[in-house]
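Peer 1: quick one: sequence plus predicted model below, questions after.
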Amino acid sequence: MSGSGIGEFIGALFILSGATMSVISVFGLIRLPDVYTRSHAATKSSTLAVLLTLLGAFIYFLFSEQFVSVRLLLGIVFVFLTAPVAGHLLVRSAYRTKVELADISGTDDLYEVLHGEENRTS
């Protein structure tokens, strides 16, 4: 197997890994009970899925066409920077609008941090 064949195989393996992570992300969105855990599944595994897919496409084109795609590199950087921030802001806005936690989620550790001062002064 030549060097380009190995590179193409590695790129295809990354793309397959990205597709697998995308399916895992969908299962997380379906099975998890509340907006907080669903957002975690959506941002973490979907971000990894997109990054693996773009990296696989970059490696594939690098070895098969000897083409360095700046657009793919910029897409990797953009997704890596924006997806976790967007997920954090969505969960923060859900918490601030008092969306309920699921019963199995356990305790709300952030409640004491945000509302502890109000309870102490009252």
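Peer 2: On my side now, so go ahead. Numbers count the residues shown, from 1 in each chain.

Peer 1: distance between the ends of stretch 101-113?
Peer 2: Counting by Cα to Cα, to the nearest Å, you get 17 Å between the two ends of stretch 101-113.

Peer 1: residues contacting it, please?
Peer 2: Residues from elsewhere that reach stretch 101-113 (Cβ atoms under 8 Å, 6 or more residues apart in numbering): 33-34, 36-37, 95. C-beta here means a position set from N, CA and C on the backbone, and glycine is covered the same way.

Peer 1: can you check stretch 73-91 too?
Peer 2: 35-36, 39-40, 42-44, 46-47, 50-51, 54-55, 58.

Peer 1: which of the residues you listed tops the neighbour count?
Peer 2: Within the contacts of stretch 73-91, most neighbours by other Cβ atoms under 10 Å means residue 54, with 24 neighbours.

Peer 1: where does the prediction get shaky in the protein?
Peer 2: 116-122 (pLDDT under 70).

Peer 1: ok, now with 90
Peer 2: 1-5, 24, 28-29, 32-42, 44-46, 65, 95-96, 98-122 (pLDDT under 90).

Peer 1: can you put the contacts of stretch 73-91 in TSV and add secondary structure and distance to residue 105?
Peer 2: Listed next are the contacts of stretch 73-91 as TSV, based on DSSP: H, G, I helix; E, B strand; the rest coil; distance: Cβ to Cβ, whole Å:
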residue	secondary structure	distance to residue 105
35	helix	11
36	helix	7
39	helix	13
40	helix	11
42	helix	17
43	helix	17
44	helix	17
46	helix	21
47	helix	22
50	helix	27
51	helix	28
54	helix	33
55	helix	33
58	helix	38
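
Peer 1: how about the host helix or strand of residue 77: buried residues?
Peer 2: Assigned by DSSP states H and E, residue 77 belongs to helix 70-96. Residues 72, 75-76, 79, 83, 87, 90-91, 95 are the ones in helix 70-96 that count as buried (16 or more other Cβ atoms under 10 Å).
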